[in-house]
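Asker: when you get a sec, could you give me coordinates for this:
(chains A and B)
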Amino acid sequence: MTTDLITRLEKIVGPRFVSGAAEERYLYSMDQGTMPPSEPDVVVMPANTEEVQQVVRLANELKVPIVPMGAGLVLSGLTRALRGGIILDMKRMNHIIEVNPQSRYAVIEGGAAQGMLKSYLKKHHPQLKHSMPDAPPIATLAGNICIHGSGHLSVLGGSHSDMLTGMEVVLPSGEIVRTGSCSVAGEWFGRSPLPDLSGLFLGWSGTTGIVTKLGIKLFPSYKHNDVLVFVAEDADQMPDMISKLTSTQVAEDMTPWMTPKPDWAKGFLHINIAYGAHTKKELTFKRNLLQASVKKYIDDKVAGFLPLPAPQKGRFLQIPSPDLVRFADLRKGGGFEYVGAIMAIEHFPQAYRAGLEIAEKYNVSYSLGARIIGAGHSMMFFFAYAFNRADAEDVKRASDALEATNTAALAMGGIPWKAEQPAQQQIIDQMDPETFALMGRIRSVLDPNGIMNPGNWEK
Amino acid sequence: MEHEDILHRCFRCGYCKLPGNYVDINCPAYLSFRFETYSPGGRMWLLRAWLDEKIPASKRFAEIMFSCATCGNCVEHCAFPEFRDRLLLAFTAGKEALLDAGQAPPAVRDYLTKVQLHGNPYGKSVKKSSQWMDGLEAEPFSDQEYLFFADDVGTYDPRGQEVARSVATLLKQAGISFGVITEALNSDGNDVKAIGETPLFEELAAKNIKILNQFNVKKIITLSPHSFNALKNDYPALGAQYQVFHYTQVLAFAMGNINFSSDNEDVTVAYHDPCYLGRHNTDYESARMMLRSVPGITLVEMDRNRKNALCCGGGGGNFFTDILSGGDGSSARVRVREAVEAGAQILAAACPMCAVMLEDAVKAENLDSKIQVQEVSEIVNQRL
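Answerer: Okay, here's the model as predicted:
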């Protein structure tokens, strides 16, 4: 079976880009997080939509599972082949197809990396930028959008799936469909006013189709950029502070963070507020608005803006920041995973305290923080735990802490983001049964053979 | 295995795959094969898995390990300070462990056998080691200021010989006092060391040092950045005490001695940074200084330049073993396309291996009518 599969895959994409070797099966069986390995039978790398389509048709014919993968950086094990089969590595499809500077969107292939689009825009359209997550620059845009990621323009533009303007998708049954304006007009400017079929592929963890192209919104790139750091001590005041800061509608990004290291940061709650402007005068105006919004707290001497030396400011403005990846080396062991719970802003104090309690209970190295999404409409509160991959006990501690965090997040009204398989079960248990039933009906219509990333979002 | 204590610390974040400006994939093996296994992080995890007996020492595993071109892009761009300094050392140790286990690819074995038997990877007799000087009137080394070291590519490869003659000619034009040794100098051993055969490297180096010391050599000009790296950074630990320069470093400050013709056509040149001069030894300027001093040359930069340069794919022994070859994703082919996109008519190389790799790539890409690969001294010599 596997030999036949490999032979036929080689005919589709060429022998150089198919492997059933032990090396690929091993490496693609896991990601950097704590989920246990699960091996694929074969890894394949298509070069275009038509090749993806042929691979999907073959998988249907042979009833072989198929798992789409971008950069494999999700950390929660969503690209593991839970029931074997094919891992479809999308990274050969990494082209930037089009940039429309007037309507401010880009059309890219499903394997295009965040860093490559950033670089492309800087060279060809320096007046434009896209919202980058804190993931490393090799992370794919499609992967991040499909998991409802967020990034450096999320206060301005919402979650990254909100910035999606359309998709080309190979359905589990092999048809190629388009969603959004590109399905009618040729341009990729948006998803309205049509029935929003893009939702069929967002948040489904690769169980409903393979995204081969997508359109994303671009935003003005400012000549002048700045970051303020607001520091407080009382978590209970954070929701109101965030609400006041977002009410100014001038920030591009707002990221609270609370870490025990460096020493000067321990015990304090920081909010990084990034904003930009075309002129210095405009930048000053925006800064004044932000500072005025929280003047009450400054006057009461319970919070204030941190004076930032230039090098520190530069590091905070670096997008993406390698400092975040370096958290993985905290235990000198190359591992970290986090629960990112999407929740309402008012749960901030509860989430913060739960994070501290869990870190203490499980004795794990932690970092807590959040990214504000929209004008304070919600937040992705993250509880990150570093571990040493070479130390099984340390991995277990982190895994237990993550599970406890998922439980706590759900209990306070949050929803684990890009949930690993066990967390999906926890969400399903708490989900309206009719909603889950509808998910099942949709999947059975789209994927009658059950080949798409099986084992996810199942009871 | 040496450095195995760091293998599990790699997070596989992927910064190592890209240049600092994220333009495109910048790891030659990953660019060519695209599987995660061929990325630096993939190698780290696979090495750990092999040592833990989770994967066997297969032909593919050996290909993955020996496809590393040791270009140093991963070291340059890894997000983890200090840890990154040991990346290439860990890969070399992994290759050494595979060699010890008898698992090297046949091409690697053949390469090492030739070097072991003949002192060079061409399997040529040392009697032919002075052929490259034909028609050059180079003086035997006696009491000149510098020894000119042509290494095996400059000594035995037909194209390398042209480059060696060109550099020697320009050194003479610039009034540099140098001589050559026609004795049986061995390969510098840089790529032998990078491939993981440290004992053979030490043997080669010891023989070379003995001869160099017999001639009382104090200052050396190398043709190849690979030789420059070995003689400058690795030979001192074996007792060598020489001042070592790549030829561009000597000529950059001697260009004022050169008279150029007044009727040269204007030409646009892009300079390809060789990894062992650039990333490994942080000299990004000498060759550019030379080129800027030539009338009629407009120097343009490719998107990936200096510490972000894309390797030609010839390092780590791949020039001889050819494990990276094949496909339009090979880094040399990507590189020449990048040079054309940058508007260059000439792609300048300062390494004989790069020159050969890039020339082959121009042919494979059918770009002969758009761009020409020339070594830096050839560009200068043509305008005298």
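Asker: helix/strand/coil for residue A:242?
Answerer: helix (DSSP: H, G, I helix; E, B strand; the rest coil).
Asker: same question, residue B:2
Answerer: coil.
Asker: poorly predicted segments of chain A, please.
Answerer: For chain A, the stretches with pLDDT under 70 are A:1.
Asker: go ahead and flag the most central residue of it.
Answerer: residue A:149 (3.2 Å; C-alpha atoms, centre = their mean).
Asker: pretty sure that one is touching residue A:134, no?
Answerer: No. Taking contacts as C-beta atoms under 8 Å, residue A:149 lies outside contact range of residue A:134: 9.3 Å. C-beta here means a position set from N, CA and C on the backbone, and glycine is covered the same way.
Asker: hang on, the earlier thing: against chain B, how distant is the residue nearest to the centre of chain A?
Answerer: 16 Å (C-beta to the nearest C-beta, to the nearest Å).
Asker: tell me the contacts of the residue nearest to residue A:203 when sequence neighbours are not counted?
Answerer: Setting aside the residues directly before and after it, residue A:203 is nearest to residue A:148 in space (C-beta to C-beta, 6 or more residues apart in numbering or on different chains), at 5.3 Å. Counting by C-beta atoms under 8 Å, 6 or more residues apart in numbering or on different chains, residue A:148 makes contact with A:159-161, A:202-203, A:342, A:417-418.
Asker: ditto for residue B:68
Answerer: With the criterion set at C-beta under 8 Å, 6+ apart, residue B:68 makes contact with B:29, B:40, B:43, B:88, B:91, B:95, B:316.
Asker: please convert the residues you listed to JSON lines, extending it with distance to chain A.
Answerer: Formatted as JSON lines, these follow (distance: C-beta to the nearest C-beta, whole Å):
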{"residue": "B:29", "distance to chain A": "13"}
{"residue": "B:40", "distance to chain A": "12"}
{"residue": "B:43", "distance to chain A": "10"}
{"residue": "B:88", "distance to chain A": "18"}
{"residue": "B:91", "distance to chain A": "15"}
{"residue": "B:95", "distance to chain A": "15"}
{"residue": "B:316", "distance to chain A": "19"}
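Asker: so of those, which ones are in helices?
Answerer: Judged by DSSP state H, these include B:29, B:40, B:43, B:88, B:91, B:95 as members of helices.
Asker: which two in these are spaced the farthest apart?
Answerer: B:40 and B:95 (13.6 Å; C-beta to C-beta).
Asker: quick one, strands of the stretch 1-150 of chain B?
Answerer: B:146-149 (DSSP state E, counting those that start in this stretch).
Asker: an error on my part: the question was meant for the stretch 151-300 of chain A.
Answerer: A:164-170, A:176-180, A:210-217, A:219-220, A:224-232, A:253-258, A:269-277.
Asker: next: the stretch 201-350 of chain B.
Answerer: With strands called from DSSP E, counting those that start in this stretch, the stretch 201-350 of chain B shows them at B:219-222, B:243-246, B:267-272, B:297-300, B:346-349.
Asker: and the second one, average pLDDT?
Answerer: Mean pLDDT, taken over the full extent of strand B:243-246, equals 98.
Asker: can you check the fourth one too?
Answerer: Strand B:297-300 carries an average pLDDT of 97.
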